[in-house]
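Peer 1: The sequence and its predicted three-dimensional model are supplied below.
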Amino acid sequence: MFGRAQALTGTDREHGIIVQHVRRGVLVSLALSIGLTSACAAGSQVGAVSSTGTLLTIRTGGAVELLSARTGAVVRTLASPSPTDSAGRQLGGPGEVAATSKLAYIGYDSPRFSIESVPLGGGAPTYVTHGMSPALSPDGTKMALFRLLPAHHTAIDEVVVRNLRTGSERTVYSATGVNVVNRLSWSPDSSELAMTGTFSSSPTAGIGDFRLGVQILALDEPISATNPHFVGMSTTISGDSATFADAQFLGSSGRLAGLTGGPLEACQPTSSVVASLDPATGQSVIVSAFPFGVAHVVFDQHGTLIAYEKYPATPCPPPTPKGEKGTAAITASIAHWGLYGWVNGTSRHLVNDVIAATAVP
């Protein structure tokens, strides 16, 4: 995540700085107040009884591990902090994970932004493709990913769909400017992608022209003024309205789950709400509400909330060392995120120092 700003120059460097603020749920300018269509007590849940299983996680130190969703115990370490893949490349900076029942997919920042696969039973990482933010289609045959391609004095950002059986790829969305997609999610019928991130209005957009939020992309329709389009709440980076983020489709329901936060106290939200939204009508209901900041939520394949990452108790990261543009401060804050299991409306602390997590189907 944080190596990107060091690897980019010129216009791309501005792109890298934005990445530091939005990837993995770090919305630094969040100052939110929300109004949803139903109310619930803090920590309560609407919906099915939660299932338990295995979580695929990235630890702060860089290890990729399978954890028990019930106890937090390490089931298996899939990759060391700096593994060597099957082609002999030393990898570093893991940032995102996705999983099938047999394979883990991991996005690494170095030596080049790349996605590697690792068997859940163990084995060396294998290069899949260039990109980040992998998301697997419901049938496990396709992968959506985000790709940044430097182009002269600007940057071309792409969302790409890769056929995992044939290796063929097609670009389904591209934009010139500063855009960062930090999460992708497939609709149940694989016809749409939910894109969570930061989107600029033009190649020369200023900082106030970036919008944080979720856009829905119809894969079989041409790009237009309404495709993709924002759903839920979005805001400018400098804005103070509510933001719908960390969006993911819930099982076969076609609804989107998203995360919003309450007003900031110093550096982080004082409360968080997980909402379920109907993309067609925009109507939302509360899934769970928490009296503290939540950075990321994990749902299983049935659409049930099973885990979340909690901001540290300390409201602010330590001061940023001179010349590091916030990188060290954000890294220090992430280092203390705690992972909690969520079963039948009850939280259970699983483990600290987790920067990314997903459910294994």
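Peer 2: Perfect, thanks for sending it. Numbering: from 1, shown residues only.
Peer 1: center of this protein, which residue is that?
Peer 2: residue 183 (3.9 Å; CA atoms, centre = their mean).
Peer 1: Strands along the stretch 201-350 of the chain, start to end?
Peer 2: With strands called from DSSP state E, counting those that start in this stretch, the stretch 201-350 of the chain shows them at 210-218, 229-236, 245-249, 256-261, 264-265, 268-269, 272-277, 284-290, 294-299, 305-310, 338-343, 346-352.
Peer 1: Name every strand pairing with the fourth one and say which way it goes.
Peer 2: I take that to be strand 256-261. Sheet pairing here is set by DSSP bridges, and for strand 256-261 it gives strand 245-249 (antiparallel), strand 272-277 (antiparallel).
Peer 1: residues in contact with residue 191?
Peer 2: 218-220 (CB atoms under 8 Å, 6 or more residues apart in numbering). For the C-beta atoms, the positions are set from N, CA and C on the backbone; glycine is no exception.
Peer 1: Now which of those would you call buried?
Peer 2: 218-219 (16 or more other CB atoms under 10 Å).
Peer 1: still on that earlier bit, export the strands of the stretch 201-350 of the chain as a markdown table, with columns for mean pLDDT.
Peer 2: Converted to a markdown table, those look like this (pLDDT from 0 to 100):
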| stretch | mean pLDDT |
| --- | --- |
| strand 210-218 | 89 |
| strand 229-236 | 81 |
| strand 245-249 | 92 |
| strand 256-261 | 87 |
| strand 264-265 | 56 |
| strand 268-269 | 67 |
| strand 272-277 | 92 |
| strand 284-290 | 91 |
| strand 294-299 | 91 |
| strand 305-310 | 93 |
| strand 338-343 | 93 |
| strand 346-352 | 93 |
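Peer 1: export these to CSV and tack on distance to residue 159?
Peer 2: Shown next, in CSV, are the strands of the stretch 201-350 of the chain (distance: least, CB to CB, whole Å):
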stretch, distance to residue 159
strand 210-218, 7
strand 229-236, 15
strand 245-249, 14
strand 256-261, 17
strand 264-265, 30
strand 268-269, 28
strand 272-277, 21
strand 284-290, 24
strand 294-299, 20
strand 305-310, 24
strand 338-343, 28
strand 346-352, 32
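Peer 1: count of residues packed around residue 282?
Peer 2: 12 (other CB atoms under 10 Å).
Peer 1: pretty sure it contacts residue 229?
Peer 2: No - counting by CB atoms under 8 Å, residue 282 does not reach residue 229; the two are 10.9 Å apart.
Peer 1: picking up where we left off before, just to be sure, the residue nearest to the centre of the chain is in a helix?
Peer 2: No - using DSSP: H, G, I helix; E, B strand; the rest coil, the assignment for residue 183 is strand, not a helix.
Peer 1: How many residues are close by residue 73?
Peer 2: When neighbours are counted by other CB under 10 Å, residue 73 registers 10.
Peer 1: Please disregard the earlier target; I meant residue 251.
Peer 2: Count around residue 251 with other CB under 10 Å applied: 16.
Peer 1: quick one: pLDDT of it?
Peer 2: As predicted, residue 251 sits at a pLDDT of 88.
Peer 1: Quick check: chain neighbours aside, which residue is closest to it?
Peer 2: residue 303 (3.1 Å; CB to CB, 6 or more residues apart in numbering).
Peer 1: Neighbours of that neighbour, how many?
Peer 2: Residues lying near residue 303 (other CB under 10 Å) number 20.
Peer 1: pLDDT wise, what is it at?
Peer 2: 91.
Peer 1: and if you look at residue 39?
Peer 2: With respect to pLDDT, residue 39 has a value of 34.
Peer 1: what separates residue 228 from residue 149, distance-wise?
Peer 2: To residue 149, residue 228 is 19 Å away according to CB to CB, to the nearest Å.
Peer 1: more crowded one of these two?
Peer 2: residue 228 (22 against 13).
Peer 1: where are the low-confidence patches of the protein?
Peer 2: Across the chain, the ranges flagged by pLDDT under 70 are 1-52, 150-156, 177-178, 201-209, 236-242, 262-268, 313-336.
Peer 1: returning to that earlier point: nearest to residue 354 among the strands paired with strand 256-261 would be which one?
Peer 2: Proximity to residue 354 (CB to CB) singles out strand 245-249 among the strands paired with strand 256-261, at 14.9 Å.
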